[in-house]
Every structure is written in structure tokens, then in C-alpha cells.
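Trainee: Predicted model, plus sequence, below.
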Amino acid sequence: MHRYEREIDRVLAPYYRLGFIEYDASKAFVDKVLDYLSCTIPPLIKRFCTMEALELVNIVAVNAAELSFEDDDDQQFCLDECRAYWADIIGHAELEDVPKLHQWFVHQMDAVKNKGNELYGYYEEVLYNDFNDPASLKWKLARLDTEIEHYESTRFDSSDWNYGYTYGIDLVMRIHLHGAVETRDFSHERSRTSPPFNNKY
């Protein structure tokens, strides 16, 4: 992992020292970073070096989020590509590694909470969209319940469109997730209690 960290540091260092990437340089930054990831991440995935791949993409994402870009579209494109790599890594992970990966993203999200960091939304999106095992579904359900209770216990201006919209989205997601959890629980119970199928023909 140290070798990969040194390599990505060499890619990022010239830009990170500047702190601000001008329009003409931003496309070169994105190209270099994505070329490096495209050469490095797929082999790590094939070798099931899951945590190493996640952390390496995270180094790129953290640096891209902290840098100031004259062209915001290039910054967002870079972060979107990191998001896509995370989804690919999770999709190829061993089943027994999934809880550890889920906890890793929870930790990353909590670390940037209330700091105005753009990565918070990316981590949250991964947790809601890319983990569908029973334990992750229940985590999402519990988190939505907490958020909904907060909305319902907090007085807010009924004309606040954003607040009402977010509350409504959470309610819809909660209904959908509750159905998914119940379906999985029912399927598990049925498979556990049903006698084995005996084909006599």
C-alpha cells in the first residue's frame, strides 16, 4: 500500500502545492489522476485487495475535494469517477468483506459530517445505493428513522421547500426499504422453515 500511496502522491503533489487549479490545468489533472486509477485499481480488484483499492481511491477523492478548481465541472467529474470506482470495488468484493466495507464508509462519512465537505454526499450515496445485504438494509432503515424523527420533532417553516422535499424523500425511501427488509426477512424465514423439495418424478 505504501508504494501506491507514494505513486499517487507524485501524481497529486504538483497540483496540491498550488492549491488552486486553473482552467487550462484542470483537464490535465483529471486525465493524470484517472489514468493512474485505471491502471492501478482493476488489478487490485482482481487480487481482492479491496481495502487497498478503496483507500487509494479515497486519497484521490479527498485531494480532489480539497483542491479549488477554476472549472468546477472537472472537479465533479473526478469525484464522480471515484464514486464509480467505489461501486465497482464493492460489487466485486467477497461477501464476507461487505460488513467491513460498509463500516469503512460509515466511518468516512462520520469523519466529514458537518464540515461542509462535498465527500459527505458521495459517501452517503454509496451507503444508500451500493450495499443491499440484510444488515446494510437495516442500517439504512434505522438511519432514516432517526432522520424522520428529527424532522417531525423540529419546527420548520412550511414554505421551506428544501426541508420539506428532503423529509418527503426520506419518507418514500423508508417505505421502500421497509418493504425490502420485510421481503428479505420473509424469504429467509421461509427457506429456514420449509421442508426440502422432494421431486418424486
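Mentor: In hand now; what should we look at?

Trainee: what pLDDT does the most centrally placed residue in the chain get?
Mentor: Taking CA atoms, centre = their mean as the criterion, Val126 is the residue nearest the geometric centre of the chain, at 2.5 Å. You'll see Val126 listed with a pLDDT of 96.

Trainee: what does the helix or strand harbouring it rub up against?
Mentor: With elements taken from DSSP states H and E, the one containing Val126 is helix 119-129. The contact list for helix 119-129 (CB atoms under 8 Å, 6 or more residues apart in numbering) reads 61-62, 65, 79, 82-83, 86-87, 90, 102, 105-106, 108-109, 112-113, 136, 139-140, 173. Where you see a C-beta, it was placed from the backbone N, CA and C, and this is true even at glycine.

Trainee: Repeat that for stretch 42-58.
Mentor: Counting by CB under 8 Å, 6+ apart, residues outside stretch 42-58 touching it are 1, 4-5, 8, 37, 40-41, 82, 85-86, 88-89, 92-94, 97, 100-101, 104, 108.

Trainee: now do 6 Å
Mentor: Stretch 42-58 is contacted by residues 1, 4, 41, 82, 85, 89, 92-93, 97 when judged by CB atoms under 6 Å, 6 or more residues apart in numbering.

Trainee: quick revisit: I'd like the next helix or strand past the helix holding Val126.
Mentor: helix 134-153.

Trainee: hmm, back to that, just give me how far the helix holding Val126 sits from the chain centre.
Mentor: Its chain's average C-alpha position is 4 Å from that of helix 119-129, according to CA atoms, centre = their mean, to the nearest Å.

Trainee: what's the spacing between the residue nearest to the centre of the chain and Asn58?
Mentor: 11 Å (CB to CB, to the nearest Å).

Trainee: One more: Ala93?
Mentor: Distance of Ala93 to Asn58, computed by CB to CB: 15 Å.

Trainee: do Ser153 as well
Mentor: Counting by CB to CB, the separation of Ser153 from Asn58 is 34 Å.

Trainee: The chain: strands as residue ranges?
Mentor: 20-21, 68-69 (DSSP state E).
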